[in-house]
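> Okay, here's the prediction I keep looking at, along with the sequence it came from:
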Amino acid sequence: MMTRRSFLAGAVAAPLCRRARAQTRQNEKVLIEPAAEIGVIRPELHGHFAEHLGTCIYGGLWVGRNSPIPNINGHRKQAVEWLRALGIPVLRWPGGCFADDYHWRDGIGPVEKRPKRVNIHWGNYVEDNSFGTHEFIELCRLIGAEPYIAGNVGSGTPQEMRDWVEYCNYSSGSTLSDERAANGSPEPFRVRYWGVGNENWGCGGNMTPEEYAAHYRRFSTYLRDFGDTRLFLIACGPGGNNLEWTRRFMEAMPRRVRIHGYAMHYYSRGRDHAQRFTVESLRAQLATFWDLEKAILEQRALLDKYDKDRRIGLLVDEWGVWDRIDPEEEKRYGRLFQQITMRSALAAALGLNVFHRQADKLVMGNLAQTVNVLHALLLADGPRCVRTTTYYTFELMKPHRGATAVRAQTPEAPPPTLSVAASRRQDEIIVTLVNPRHDTTTEVECTMSRGAAGNARARILHHPDFNAANTFESPDLIVPRDHPVTAAGGSLRVELPPLAIVTVQARLSGV
Ligand code: AHR
C-alpha cells in the first residue's frame, strides 16, 4: 500500500460552476521519489488471456484458413497486427474453466480428422478443434507473445499433461516429438509457462486445498524440463483474497515440491450492463481496485510466511471487469461479451497502477480476456474489428514495461480517488495518473523528492461519459491524444479532466 504524508493531504476542492452539474476542481500534490525503488515492472504484468469461450478464439482470434475475413493461416489478420503492435508479453490459453476439460490430443493432426467436442462450461456448443496447440503457438509467434498453457488437472491425468509437455518441448527422437514434427513443427515449441489446473476450487474439480495440493504434487512430479527450456509451473491460487485457500494449500505442500508461480484470480464485478452504469455502480466497481491492492499485499505476506526467500512468484492470473451481461448481446456476440467503455479503461488503468506499485510482489498479470470476452482488448464481429479503450490503456502504460517502479505518494482520500504509479528508466521518469471521478477536474503537481523533471510530454485517454465506447459503428471515439504538461521548477503540472488516464514521460536531472 502507498505510504501517505500529511503534508500532501492538501487537496483543495472548490465549486467550479453551479450549472455544470456539481463539477468541481481540485488540486492534488504528488511526491515522487525517484531513488525509492520498488522493483522492476516485469513486462509480464501486462499479460493477457484467451479462452475457448464465446467468440474469443473461434470467430475472434481464429477465423479459419478458408475465411473471407483477411487472415494469416486462419488467424484474424487485423487482430494479429494490432496485438503485435501492442506487444503482448504473454498469452495464457486454453482456459479458464475450459482448461480442465480440454484434452490436447483433440487439437493436433489433420484438421478434418480432429474430433468435435462440446464446450460444457460455456454453453454446450460444439467446437471443431481447428484451433489447437500448433495454432496457439503460431499465434503467439505472430504477435510476439510468450505462450502460457494451462493444463488439465480436473478431468485429465498426470500422464496426459506430462505428454503435452514432451510433445511441445522435447527436441526430437521420441514418438511424441516426432509426431509434433510430422504435424509441421520440427522445432520444439519451448513452452515455459505451465498452469497446473485452473480454479481447482471451482470449475477445475471442486477440490479442497488439501485435495488440490495432493494433485499438484503428483502432476508436477512428472512435468520436466527438456533441453534448455526451464518450466515455470504455476499452481492454482485463490479466487479473490481467499486467505484460507492459500494457508491450507501451503500447509499441505512440502517445500521440496517445485512451485514457481501461484495464481490468484481477481474480478471486479459490475452491477450494471456495461453501457448503463450509474455514478454509484461506477464508484463501487472502481473502488474494488483498492481491494485488489490489499489482496495482493495480504496474499504475498501470507506466502512469505511459507516461502521466505520468495521462490514462488505471485500472479494475478485472471483479472478485469465483469459486468452484468446482456443475454441479447451474448446471443449476438458470444458468451461473456460486454461492451468496453471509458469506465473499463479507468478500471484497467487502476489495475495496472496497482501492479506497478506492487511490482516487487508480482511476476505476472493476465487480463481476461483478449477478444470479445469480459475486459477485452479487441471486439470482433464478422469482418469488423475494433480496438477498445482497454487496448489504448495498455498502450498508454507501455512505457512502464521493464522500468523500475519508484514510490509515489498521494494524499489520503477514500477510494475511488486519484491513482498514481511511477517508474524510472535511467534518466527518464514515467508517471501514470488516473482520475476516476466523473465530476472533478484535478490539477496535479508532481514534485520530485530528488532532482528535477524537465522536457515532459504526456498522452491522455479521456471521455466525459463513462458509458461511452469504441463501437463497430464509431471505432475511434476514444483514442489516446497528446496532452499538455508543464515542467516548471523541477515539478510536473498536468490537468486531468474527469474520467481520464494520463501518462507523463519526462527527463530527470540532478538525481
Ligand atoms: O474468464 C472467465 C472465467 O472466469 C474463466 O474461465 C474462469 O477461470 C474464471 O472463473
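Done, it's in. Numbering: from 1, shown residues only.

> next one: stretch 466-483 to chain centre, how far?
Centre-to-centre, stretch 466-483 and its host chain are 21 Å apart (CA atoms, centre = their mean, to the nearest Å).

> tell me how far the ends of that stretch are from each other?
19 Å (CA to CA, to the nearest Å).

> Okay, buried residues for it please.
Across stretch 466-483, burial judged by 16 or more other CB atoms under 10 Å covers F466, N467, A468, A469, N470, T471, P475, I478, P480, H483. The C-beta positions use only the backbone N, C-alpha and C, and glycine is treated the same way.

> Check stretch 428-443 too.
Neighbour-count burial for stretch 428-443 [16+ other CB under 10 Å]: 429-438, 440-442.

> that older thread, wait, which of the buried residues of stretch 466-483 is closest to the ligand?
Distance to the ligand, by CB to the nearest ligand atom, is smallest for A469 among these, at 20.0 Å.

> any idea how far the closest one is from L367?
17 Å (CB to CB, to the nearest Å).

> quick one on the thing from earlier: I'd like to know which of the buried residues of stretch 466-483 are part of helices.
Judged by DSSP state H, helices contain none of the buried residues of stretch 466-483.

> check those residues against the ligand, which are close?
Checking the buried residues of stretch 466-483 against the ligand by CB under 6 Å from any ligand atom, not one of them is in range.

> And the residues you listed, which two are furthest apart?
T471 and H483 (24.0 Å; CB to CB).

> Quick check: the gap between the residue in the stretch 101-250 of the chain positioned nearest to the ligand and G96.
Of all residues in the stretch 101-250 of the chain, E199 sits closest to the ligand, at 4.6 Å by CB to the nearest ligand atom. According to CB to CB, E199 stands 8 Å off from G96.

> higher neighbour count, those two?
G96 (30 against 26; other CB atoms under 10 Å).

> who's in contact with that one?
For G96, the contact set (CB atoms under 8 Å, 6 or more residues apart in numbering) comprises F49, E51, H52, L53, H121, A150, N198, E318, A368, Q369.

> Could you export those to a markdown table, including columns for secondary structure?
As requested, the contacts of G96 are exported to a markdown table (DSSP: H, G, I helix; E, B strand; the rest coil):
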| residue | secondary structure |
| --- | --- |
| F49 | strand |
| E51 | coil |
| H52 | coil |
| L53 | coil |
| H121 | coil |
| A150 | strand |
| N198 | coil |
| E318 | strand |
| A368 | strand |
| Q369 | coil |
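
> of all the residues you listed, which comes closest to the ligand?
A368 (4.1 Å).

> okay, that closest one: pLDDT?
As predicted, A368 sits at a pLDDT of 98.

> Can you name the helix or strand that the residue lying closest to D272 once chain neighbours are set aside falls in?
Spatial nearest neighbour of D272, excluding adjacent residues (CB to CB, 6 or more residues apart in numbering): S281 at 4.7 Å. Per DSSP states H and E: S281 is located in helix 279-306.

> now for that helix, which elements pack on it?
helix 243-251, strand 261-273, strand 313-324, helix 342-357 (3 or more CB pairs under 8 Å, 6 or more residues apart in numbering; DSSP states H and E).

> Would you point to the one among the ones you listed that's packed deepest?
Of all the helices and strands packed on helix 279-306, helix 342-357 carries the top mean neighbour count, a mean of 28, counting by mean count of other CB atoms under 10 Å.

> Measure how that one sits relative to helix 279-306, angle-wise.
Here the directions of helix 342-357 and helix 279-306 differ by 20 degrees (axes from the mean of the first three to the mean of the last three CA atoms, to 10 degrees).

> Pick out the residue nearest the middle of the chain.
By CA atoms, centre = their mean, the mean C-alpha position of the chain lies nearest to L367, the distance being 2.5 Å.

> Note down every partner strand of the helix or strand containing it and its orientation.
Using DSSP H and E, L367 falls within strand 364-368. Strands that pair with strand 364-368, judged by DSSP bridges, come out as strand 47-49 (parallel), strand 313-324 (parallel).

> For the ligand, find the nearest of the ones you listed.
strand 313-324 (5.5 Å).

> so the closest one versus helix 243-251, what angle?
Using the same axes, to 10 degrees: strand 313-324 against helix 243-251 is 150 degrees.

> does strand 313-324 come close to the ligand?
Yes - contact between strand 313-324 and the ligand, assessed by CB under 6 Å from any ligand atom, occurs at E318.

> Is the next helix or strand after that strand positioned near the ligand?
Per DSSP H and E, the first helix or strand lying C-terminal to strand 313-324 is helix 327-333. No - Helix 327-333 is not in contact with the ligand by CB under 6 Å from any ligand atom; minimum separation 13.2 Å.

> buried residues in helix 327-333?
In helix 327-333, counting by 16+ other CB under 10 Å, buried: E329, Y333.

> Just give the number of residues close to E37.
The number of residues packed near E37 is 15, by other CB under 10 Å.

> what is the mean pLDDT for the helix or strand where it lies?
Assigned by DSSP H and E, E37 belongs to strand 23-40. On average, the pLDDT along strand 23-40 is 96.

> Quick check: the gap between whichever residue of the stretch 51-200 of the chain sits closest to the ligand and Q23.
Minimum separation of the stretch 51-200 of the chain from the ligand (CB to the nearest ligand atom) falls at G96, amounting to 2.7 Å. According to CB to CB, G96 stands 42 Å off from Q23.

> ditto for I108
According to CB to CB, I108 stands 58 Å off from Q23.

> go on, Y212?
51 Å.

> Which one of those two is surrounded by more residues?
Just comparing Y212 and Q23: by other CB under 10 Å the higher neighbour count belongs to Y212, 27 against 16.

> On the pLDDT front, check the closest residue in space to S423 that isn't next to it in sequence for me.
The shortest distance from S423 to any non-neighbouring residue, by CB to CB, 6+ apart, is to A403 (3.8 Å). On pLDDT, A403 comes in at 98.

> what's the burial count for A403?
Neighbour count for A403, taken as other CB under 10 Å: 19.

> And the helices in this protein, which stretches?
With DSSP H as the criterion, the chain has helices spanning 77-86, 133-143, 158-169, 175-182, 209-221, 243-251, 279-306, 327-333, 342-357, 389-397.

> any idea which of the ones you listed is most buried?
The most buried one of those (mean count of other CB under 10 Å) is helix 342-357, showing a mean of 28.

> relative to strand 23-40, how tilted is it?
40 degrees.

> starting at the chain centroid, how far to helix 342-357?
Worked out by CA atoms, centre = their mean, helix 342-357 lies 10 Å from the chain centre.

> Then stretch 453-461?
Stretch 453-461 sits 25 Å away from the centroid of its parent chain (CA atoms, centre = their mean).

> same question, stretch 37-50
The chain centroid and the centroid of stretch 37-50 are separated by 9 Å under CA atoms, centre = their mean.

> so what's the residue nearest to Y267 when sequence neighbours are not counted up against?
Distance criterion CB to CB, 6+ apart; nearest residue to Y267, sequence neighbours excluded, is W322 at 4.5 Å. Applying CB under 8 Å, 6+ apart to W322 gives the contacts Y267, S268, R269, G270, L336, Q338, A368, L374, H375.

> do that again at 10 Å, thanks
Y267, S268, R269, G270, Q285, L336, Q338, A368, V373, L374, H375 (CB atoms under 10 Å, 6 or more residues apart in numbering).

> again with V406
32-39, 356-357, 359, 421-424, 429-431, 448-449 are the contacts of V406 under CB under 10 Å, 6+ apart.

> Swap in 6 Å and give it another go.
With contacts defined as CB atoms under 6 Å, 6 or more residues apart in numbering, V406 is in contact with E33, P34, A36, E37, A422, R424.

> Can you report how many residues neighbour the third one?
Just to be clear, that refers to A36. A36 has 17 neighbours, counted by other CB under 10 Å.
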